[in-house]
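S.K.: Need the 3D shape of this:
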Amino acid sequence: MLSTIRLSLVACVTLTSLLFHPTTARVIPIDPTTNQLVPRANGQLNIYINTADPSVAGIRNDARPRITEGAKDAVIMARLACALMMLENYEGLYERYFESPPLNDDEDNDDEDDDQEEEEDGGGQDEAGVDPARKQFVQTVFCAIAGITPECSINDIFTQRGTNPKLDGLTYSVGKYPGIEDHDRNFEHDAVYAATLYQDILTEYNIGNTDDAAIMEIHRRAFDFPNIEDIFENRGCQALGAADSGLMTTLGAHILHELVHWHHLTRTPENGHIYNQLITHDVYKPNENGEEVEETHDYIDDYDRDEYDDKDLDPPDGYGPQHAHQLVVNDEQDSFRNADNYRWFAVSLYWH
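M.R.: As a prediction, the model looks like this:
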């Protein structure tokens, strides 16, 4: 499944990154006992393990190495996505997960609109129908996660080492993090979702001393997924099949999904204008009285048709490769606002 060029890129990206062994310690987020920033220990990820949370009993011993490997896989996938987008070697996958008309589309040009609809019905548009500003935006999101400057060359992708310093503001929590009160979270939530990102934590939860930090809770279900190395060693690429499916999902892919949500990481000086234009959107959620209240989300979200007031449309959500693609068919802009479109684009690029 992996083409020769991808195999070469995967090898180069993996070998040259040295992703989680910086030579100097940097500042990292929050000590749950003091709610203050603390120094990173030995240049490693900041991983908090809630030993009192029964939901993660039995997985605590393996949690730290599994999360470290998964976080590395997430950055490797982001870095590979940057390289392949730069080479424009994505074999229609950008169109599958992000295709969109130009930002300045001429609404009066009915002929062009008709042509576009015919091309979508026929399996996707050609390169002339892709808005370069939006495609560049997607690339900057992956560059930010990978710790690569957008103006870098393809060679820089293989020589730049280390991670984005903003990742020092992230705490991985195995089990529930003290002080996080999420009224939407329950046992079913942890059984369905692999991870949850909490951002703007100073404002929302009075944790820490900056909204630049975030907490990613890794739920028990996340450890049911392999890391990339596990797939190579135990299954092999051929066992994954030709179509995008859950067989390709790894712990790192779930971590990548959550990183896409983090607007402090993915909104950059290079993409800030289009981020505000393309990503900021309103959703509708019930309040305590059951009344729908409008909220503004200024981050890449998880699509929910009820919250988007799309109750008559399928899919009901944006999870998985089929639902992510259906968002492109329904409303291309929703695909840019849905974190799983980025996840499946990167996953599909990696394995195909």
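
S.K.: alpha carbons only for contacts and neighbour counts from here, please
M.R.: Noted.

S.K.: phi, psi of Met216?
M.R.: phi -110, psi 110 (degrees, to the nearest 10).

S.K.: my read: it touches Leu167, true?
M.R.: No: using Cα atoms under 8 Å, Met216 is not in contact with Leu167; the gap is 11.4 Å.

S.K.: Give me the neighbour count for Arg235.
M.R.: Neighbours of Arg235 under the rule other Cα atoms under 10 Å: 12.

S.K.: brain fart, Ile201
M.R.: 19.

S.K.: ok, it touching Gly179?
M.R.: No: assessed by Cα under 8 Å, Ile201 is found out of contact with Gly179, at 9.8 Å.

S.K.: Mutual contacts of these two, please.
M.R.: Here Ile201 and Gly179 have Ile207 as joint contacts, going by Cα atoms under 8 Å, 6 or more residues apart in numbering.

S.K.: What is the least confident helix or strand in this protein?
M.R.: Counting by mean pLDDT, DSSP states H and E, the weakest-scoring helix or strand in the chain turns out to be helix 110-121, with a mean of 41.

S.K.: hey, where'd the helices end up in the stretch 1-150 of the chain?
M.R.: 4-17, 60-86, 93-98, 110-121, 132-146 (DSSP state H, counting those that start in this stretch).

S.K.: Report the rounded mean pLDDT for the third one.
M.R.: Computed over helix 93-98, the mean pLDDT rounds to 94.

S.K.: Which residues does it contact?
M.R.: Contacts for helix 93-98 (Cα under 8 Å, 6+ apart): 124-125, 130, 324-325, 328, 332, 335-336, 341-342, 344-345, 348-349.

S.K.: Return the members of the residues you listed classed as buried.
M.R.: 124-125, 130, 324-325, 328, 332, 335-336, 341-342, 344-345, 348-349 (16 or more other Cα atoms under 10 Å).

S.K.: Filter those down to just the ones in helices.
M.R.: Ala324, His325, Val328, Glu332, Ser335, Phe336, Asn341, Tyr342, Trp344, Phe345, Ser348, Leu349 (DSSP state H).

S.K.: Please name the residues that touch the last one.
M.R.: Just to be clear, that refers to Leu349. Leu80, Ala81, Leu84, Tyr90, Leu93.
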